[in-house]
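Asks: Sequence and predicted structure below; questions after.
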Amino acid sequence: QLQASGGGLVQAGGFLRISCAASTSSASINIRGWYRQAPGKQRELVAGNPPVGRSTKHADSVKGRFTVSRDNAKNMVYLQMNNLKPEDTAVYLCNADVTDYEHDATYFNLWGQGTQVTVSS
């Protein structure tokens, strides 16, 4: 029900915007956070979406470079990644709650299928 997309291969210093969306148009997502997992490493939080009124939490390694945004009309959440570095190479995943209005149900703590981001030096 959750899908991350938009990854790809980019040179160091470049940028990418990846997105997270629910699989049905009748659903909305409430993002909990963007995570990433590199080969041989544990999954780490990149940017977390806190309760209303507080600033988004970013990993120290991405502060000033990565930004979370959303388009409510499209029910999409984005992770804008600027000044990418080779160490940003990983599979990026979104974690969210999804409200399915058609079936009047909310699904909590869903993990989307990740999208690969590869940064070449």
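Replies: All right, it came through fine.
Asks: Provide the contact partners of the lowest-mean-pLDDT helix or strand in the chain at residue level.
Replies: Least confident helix or strand of the chain, by mean pLDDT, DSSP states H and E, is strand 57-58 with a mean of 80. With contacts defined as Cβ atoms under 8 Å, 6 or more residues apart in numbering, strand 57-58 is touched by 45, 46, 47, 48, 50, 66. In this view, the C-beta of every residue, glycine as well, is placed from N, C-alpha and C.
Asks: Kindly recompute the last result at 10 Å.
Replies: 33-34, 45-50, 63-68 (Cβ atoms under 10 Å, 6 or more residues apart in numbering).
Asks: what about it, distance to the chain center?
Replies: Chain-centre distance of strand 57-58: 12 Å, with Cα atoms, centre = their mean, to the nearest Å.
Asks: Please identify the pairing partners of the next helix or strand after that strand and their relative orientation?
Replies: Going down the chain from strand 57-58, the next helix or strand is strand 66-71, by DSSP states H and E. Strand 66-71 pairs in its sheet with strand 76-81 (antiparallel), by DSSP bridges.
Asks: Quick one: residues in contact with the partner strand.
Replies: Residues contacting strand 76-81 (Cβ under 10 Å, 6+ apart): 2, 4-7, 10, 14-22, 29-31, 33-34, 36, 46-47, 49, 62, 65-71, 88, 92, 94, 96, 115, 117, 119.
Asks: residue boundaries of the strands in this protein?
Replies: 2-5, 8-11, 16-22, 27-37, 44-48, 57-58, 66-71, 76-81, 90-100, 105-111, 115-120 (DSSP state E).
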